[in-house]
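**Student:** this is a predicted model, with the sequence first.
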Amino acid sequence: MAEIGYTEIHLPLRKLPGWGSVDAITRSAGWHVVDSNAERGDANYKKTVTWGVAAELWVMYVEDLITQVSVVIVFGADQAAVETLAHRISALLTPYSRQDVLAAANEDMSKAETARHLVRLALSASKEFDGEIFEKLRTASEDRDPEIRNAAAWATVYLAWPECEALLRRLAENDPDERVRAGSGVLLESLKDG
């Protein structure tokens, strides 16, 4: 997402999907698209669009097309500018706080809401390893329900942490459900390809 040395702030959106609100803000502000994944291979499962706001300041929208969970990432070279812009965007979109995102999934949640929760955790994470987020995903990868374990594996596609490779390898080699093993194996192979 953000380049090394840049400050980045992740704003996980409450609205599913968040595209309409974000697009309206960027059009109103007159920001120009500088990158999009529309023609890339990952466009079948996620949408990413990046706008240039000012020199060395960008806004990126990332949406998981399966769960419709999305995040706005503000990043740039000037920490104060990033924080100011993130604050302005937060006032318009009212994103989840870190505490909201880290709140434990509960047994009353549907499988779909639990899957959204896991993807939201991953999209909320920065490039640097986040032990709290990873622990939530690791715990979900050990859930008794194979759909939850599969959702935990899927969420790792948004993370570039070496720990995710070990999690996927464990699921691909040892999960009792054939579908979870197969899906985790595909995700594990995609790490090698890209």
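**Tutor:** Thanks, I have the structure now.

**Student:** next up, the contacts around V74.
**Tutor:** 8-9, 11, 57-60, 82, 85-86, 89 (C-beta atoms under 8 Å, 6 or more residues apart in numbering). Bear in mind the C-beta positions are built from the backbone N, C-alpha and C, glycine included.

**Student:** find the nearest non-adjacent residue to it, please.
**Tutor:** A86 (4.3 Å; C-beta to C-beta, 6 or more residues apart in numbering).

**Student:** what's the burial count for that neighbour?
**Tutor:** Counted by other C-beta atoms under 10 Å, the residues lying close to A86 total 21.

**Student:** show me the contacts for it.
**Tutor:** 9, 11, 74.

**Student:** how about the CA coordinates for stretch 33-45, as CSV?
**Tutor:** Output of stretch 33-45 as CSV, limited to C-alpha atoms (Å, rounded to 0.1, in the frame of the first residue of the first chain):
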residue,chain,number,x,y,z
VAL,A,33,-7.0,8.9,-10.0
VAL,A,34,-3.3,8.0,-10.2
ASP,A,35,-3.7,4.2,-10.0
SER,A,36,-6.4,1.5,-10.2
ASN,A,37,-6.4,-2.3,-10.3
ALA,A,38,-9.3,-2.4,-12.8
GLU,A,39,-7.1,-4.1,-15.5
ARG,A,40,-5.0,-6.3,-13.1
GLY,A,41,-5.5,-9.9,-12.2
ASP,A,42,-6.6,-9.1,-8.6
ALA,A,43,-9.6,-7.1,-9.9
ASN,A,44,-11.8,-10.2,-9.6
TYR,A,45,-11.7,-10.1,-5.8
